[in-house]
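Asks: I'd like to go over a predicted model; first the sequence, then the structure.
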Amino acid sequence: MSCSVPRGIGTAIDLGARGESVAAYVPSRRQGVTLDAPRDSLGVAHPGSLVFRAATAAWRPPERAWEEATWRDSLLDVRWREGDDTLAVAVGSHGLPVHASLARTGGATIRVDYAGWDRSQGLAWPLRFVVSDDAGGFRLSCRVTRLRFLARADSLRMAVPMPRGTEQLTILELRRMLERMGVM
């Protein structure tokens, strides 16, 4: 999965996830980072899977979570645990997620709000979504402008290009930057 987030004219950030690796490039700063989950960790298990699920709304609660789901106003609240994380999805009357969250024990809660859906190709797909943390440290708004499904994925489309001269951040530098932002 690859996602470019526009900012005025140009790209604010280019994100990519493949397997358990996540890559990001910020053109205005000429900085990039590539995280390989087995080697680098921000304390989030399976970051590639998490990015994929957030961007595609591919949340798959276990059967028991559906059995224990409760109604909150007009939304079905489905909650479950994955390791140290508590995940929750609020499902609307249309059968699609309205929002989802991941809460880490003793850490921040990340929330994804789904604001628009495309059903034109026979499959519901998020067109607009916002990712934010409960502390207000970051907010990422995404809008899908071109959506097409290929019979077979092109692995090169998943790569995040980092031009020559890009400052590659280490995991330690990324942690410090996120701590300054109040995210960690």
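Replies: Sure, I can see it.
Asks: residue ranges of the strands in this structure, please?
Replies: Ranges of strands in the chain, per DSSP state E, are 2-6, 11-18, 21-26, 31-36, 70-72, 75-82, 85-91, 97-104, 109-118, 125-133, 139-143, 167-168.
Asks: Looking at the residue positioned nearest the centre of the chain now. What's its pLDDT?
Replies: Most central in the chain under Cα atoms, centre = their mean is residue 51, positioned 3.3 Å from the mean C-alpha point. Looking at residue 51, its pLDDT stands at 75.
Asks: Which residues are in contact with residue 127?
Replies: By Cβ atoms under 8 Å, 6 or more residues apart in numbering, the residues touching residue 127 are 115, 116, 117, 118, 143, 144, 147. From N, CA and C alone the C-beta is placed, and that goes for glycine too.
Asks: Name the residues of stretch 61-75 that are buried.
Replies: Neighbour counts over stretch 61-75 (16 or more other Cβ atoms under 10 Å) mark 61, 65, 69, 75 as buried.
Asks: Need the mean per-residue confidence for that stretch.
Replies: What stretch 61-75 shows for mean pLDDT is 95.
Asks: Residue 25 touches residue 13, doesn't it?
Replies: Yes. Under the criterion of Cβ atoms under 8 Å, residue 25 makes contact with residue 13 at 7.1 Å.
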